[in-house]
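1. generate coordinates for the sequence data below:
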Amino acid sequence: MTMTDSVPDTLTLAYCAACGSYTFPANVYACRRCGAAREQLQPRPCPQVPRLRNAVTLHAQLHPDLPVPCVIGEVELAPGVVEEGILDLHDESAAALGMALAAVAHRLDDGTLRWRFVPLEDRT
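-> Residues are numbered from 1 along each chain as shown. All right, here's what the predicted structure looks like:
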């Protein structure tokens, strides 16, 4: 297995030493809150259990890498950091707002890393 084949087991965010906030993804150029430069940012594991804030089932393919139907959710990764992500659910009726999620990394055929979210109790 090469480094490009491996997938991380921990979702990381950028922690800002200047203001104490988090930004996603971890390799951003500046802090989203205070604008501090990359030198002030440190990669850190997600500081909390991701929580589902909203979900919807997509039936139209918006991107070639996005199979349909699929469930997209707004996931809170850290205080004030809410990102859209793919949920490993059949439809949004299986999603409960506020439910705990686990981030699972998947590498696409072109090497791009994508994160999916599964209900924490379903993680295997």
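2. if I look at residue 102, how far off is residue 88?
-> 10 Å (C-beta to C-beta, to the nearest Å). In short, each C-beta sits where N, CA and C put it, glycine included.
3. find residues that contact each of these two.
-> 117, 118 (C-beta atoms under 8 Å, 6 or more residues apart in numbering).
4. quick one: contacts for residue 24?
-> 13, 14, 77, 78, 81, 83.
5. neighbours around the third one, how many?
-> The one in question is residue 77. Counted with other C-beta atoms under 10 Å, the neighbours of residue 77 add up to 25.
6. is it fair to say it lies in a helix?
-> No. Going by DSSP: H, G, I helix; E, B strand; the rest coil, the assignment for residue 77 is strand, not a helix.
7. give me the buried stretch members for stretch 109-119, please.
-> 115, 117, 118, 119 (16 or more other C-beta atoms under 10 Å).
8. export the residues you listed as a markdown table, with columns for secondary structure, pLDDT and distance to residue 65.
-> Output for these, formatted as a markdown table (DSSP: H, G, I helix; E, B strand; the rest coil; pLDDT from 0 to 100; distance: C-beta to C-beta, whole Å):
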| residue | secondary structure | pLDDT | distance to residue 65 |
| --- | --- | --- | --- |
| 115 | strand | 92 | 13 |
| 117 | strand | 96 | 16 |
| 118 | strand | 95 | 18 |
| 119 | strand | 95 | 23 |
